[in-house]
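*Asks:* below are the sequence and a predicted model for it; my questions follow.
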Amino acid sequence: MIGYILRRFGAALLVLFAISVLVFLIFFATPGVDPAARIAGKNADPATLAQVRASFGFDRPLPVQYALMMKHLFISHDLTSFVNRGTLVIPQIIEAVPVTLSLVVGAAVIWMVLGVGMGTLAGAMRGTLVDPLVMLLGVFGVSLPVYWLGEVVNLITQKQLHDSVFSWVPPLGYVPMSEGIGQWALHLLFPWLTLALLYAGIYARLLRGELINALNEDYVRTARAKGLSERRILVKHALRCSLIPIVSLFGLDFGALVGGAALLTEVVFGLPGVGKLTYQALQNLDLPVIMGTVLYAAFFVVLANAVVDVLYARLDPRVRRA
Amino acid sequence: MPEPLLEVSDLRIRFGGFTAVDGLSFSVRPGEVLGVVGESGSGKSVSMLGVLGLIRTPGAEVSGQVVFRGRDLLALKNAEMRAVRGREIAMIFQDPMTALTPVYTIGWQIAEQIRAHEKVSRRAARERAIELLGEVGIPAPEQRVDAYPHEFSGGMRQRAVIAMALSCNPALLIADEPTTALDVTTQAQILDLMRRLRADHGSAVVMITHDMGVVSEIADEVLVMYGGRAVERGSRRQVFHAPRHPYTWGLLDSVPRVRGARARRLPTIPGTPGASGQGCPFADRCAHSFAACAEVPPLTGGSGHLDACWLPEEKRTR
């Protein structure tokens, strides 16, 4: 198992290296594009361009440029935005990470609890009215787009009913955990629920299908013939095996969301997370920030996948030796 | 004659409009091996699943009487039935490749069954699992107890499933085609094992199979099923040496013979199985059918050899 973990993380490092090279090439070696002009932003003066050229080593070979770029990113942390003159990129990202992590981790807990709960309920109660009702609820969650649902939630909690039922809802924005867990959670409550609703619906549907398949498996019949209780058969045998694909999907979703895919939620709820940072950088064509966030996102997606693979091996003994 | 261990009378299993088992009656005495033979779809497996209350299809109706040690199993509550399943009656299924939960070790799964029925410590259950694995002929059981199902071959998995089934010393073991999914050498080993275990544990066995060879090797009594009904019942000797039902003749004829002249073509039973609605279920495919076959023949006969056929005595020659 330890060997498997080491191997898996070794592979993850290689993937990260490959991604960094690829990102570097896209930004710096696309034919017909002057990377210095891109980095310097629109309407840059010749002095700035010269400064960018020197700082990124554009007069030197590509491998040196790559090394210089990585040095700016990971060693001296002095990659600078030229659109917002003088702003350092790395500290901006580091500041945005806890916001995104808070949002995604909280939402993930909610959607996993809801999704697994609803999926199990629907799968186990198949043939009764509970199953289609729960699944209808799931479809409802899946079909509501986050930007719309978020705006509606804001409209209700911040404006229409803010003077009566929702008077306890704080204004939009992020409060760090250091200012009290209660305030932190309260500010994130509706963003969490909004983001979680979509995923809970998807996960519930997926798990229901897996569970129904598992309940028809021979090993469940064996478990019944052993004289086990229905609850034990459901939880220990059927659900245990059905969770395997759920976990791998979770890793992908979680990694992507932490990497910035929660953009819409962050923008709608005014949370200064990585998604929002990327969104602003894209609007201003702030290349250093975009590069920084792309690499950061890749890092989380790859890391989350490695963690999931390790978890997967814990869950499924058949994977361990592969 | 000892009291029967299991007495099934007039068992009927219906799925919607389809009758899978139609008034099946048989009994198993303690320590006896009953071979249940018939083609696919003859209702062998489903009747045994019905006996154990394992039919989960929505809308399935199971009626009749299944008396096991003086209690009607069909009338038991779920919790009472669970206490019977796995402890007093164990069941082995056809495909050992899928019969074990893939994510748990073999030992864990055996221990789970022991601990579901007896108050023993985890350690004691594990010790028992090792002992059982040794008993069914798995080499180095102390190590193999921690192996996962995918690390076992098909034959070894079937051994593990048998070990699990025997873990609570059941009075009755129902084996649903336990050798069908295995190659011939492994089949013979598993049959040997089952014979030996029956001698050691004294369990009665119901062996469901479509393989007449398996029945001839292991069964004391034979029940031939067709279209959800019993068509012939008797001791192994009676059924193999003096078969009375045309369907049994067909089954026996379709087994290749080792001795004697080699048949140019192996005889088959024409047609496909399926109840003909009214009358004798086998009438459509029977070379001997005549007017009387429009009515369902009762299972009758003397000296423990029963058959359900209208054919008069003088015509009962193959």
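*Replies:* That came through, no problem.
*Asks:* where along chain B do the strands fall?
*Replies:* For chain B, the strands defined by DSSP state E cover B:6-15, B:18-28, B:33-37, B:60-68, B:71-72, B:89-92, B:172-176, B:204-209, B:221-226, B:229-235, B:306-307.
*Asks:* so which of those strands gets nearest chain A?
*Replies:* strand B:89-92 (4.2 Å; Cβ to the nearest Cβ). The way it works is simple: take the backbone N, C-alpha and C, and place the C-beta from them, glycine included.
*Asks:* what comes up buried for stretch A:51-64?
*Replies:* A:51-53, A:56-58 (16 or more other Cβ atoms under 10 Å in any protein chain shown).
*Asks:* which pair in the residues you listed spans the largest distance?
*Replies:* A:Gln51 and A:Gly57 (12.3 Å; Cβ to Cβ).
*Asks:* low-confidence ranges, chain A, go.
*Replies:* Across chain A, the ranges flagged by pLDDT under 70 are A:321-322.
*Asks:* who touches B:Gly279 in this structure?
*Replies:* By Cβ atoms under 8 Å, 6 or more residues apart in numbering or on different chains, the residues touching B:Gly279 are B:293-296.
*Asks:* relative to B:Ile218, which of these is nearest.
*Replies:* Nearest to B:Ile218 out of these is B:Val296 (Cβ to Cβ; 30.7 Å).
*Asks:* got the residues of the stretch 51-200 of chain A near chain B?
*Replies:* A:Gly127 (Cβ under 8 Å from any Cβ of the partner chain).
*Asks:* returning to what we had before: by neighbours, which of the contacts of B:Gly279 wins?
*Replies:* Highest neighbour count within those, by other Cβ atoms under 10 Å in any protein chain shown: B:Cys293, with 21 neighbours.
*Asks:* is the residue of the stretch 1-150 of chain A found nearest chain B within a helix or a strand, and which one?
*Replies:* At 5.0 Å from chain B, A:Gly127 is the closest residue in the stretch 1-150 of chain A, using Cβ to the nearest Cβ. For A:Gly127, there is no enclosing helix or strand under DSSP states H and E.
*Asks:* contacting residues for A:Trp184?
*Replies:* A:102, A:175-177.
*Asks:* list the contacts for the residue in the stretch 1-150 of chain B that chain A sits nearest to?
*Replies:* Residue nearest to chain A within the stretch 1-150 of chain B (Cβ to the nearest Cβ): B:Gly86, separated by 3.2 Å. Contacts for B:Gly86 (Cβ under 8 Å, 6+ apart) come out as A:225-228, B:113, B:116-117, B:168, B:170.
*Asks:* buried only: go through the residues you listed for me.
*Replies:* A:225-228, B:113, B:116-117, B:168, B:170.
*Asks:* which bits of the stretch 101-250 of chain B sit near chain A?
*Replies:* Residues of the stretch 101-250 of chain B lying near chain A (Cβ under 8 Å from any Cβ): B:101-103, B:105, B:112-113, B:116-117, B:148, B:150, B:161, B:164.
*Asks:* can you pull the buried residues of stretch B:180-200?
*Replies:* B:181-182, B:186-187, B:189-191, B:193-194, B:197-198.
*Asks:* re the thing from before, which of the buried ones among the contacts of B:Gly86 sits closest to A:Tyr66?
*Replies:* Ranked by distance to A:Tyr66 (Cβ to Cβ), the buried ones among the contacts of B:Gly86 are led by A:Leu228 at 58.5 Å.
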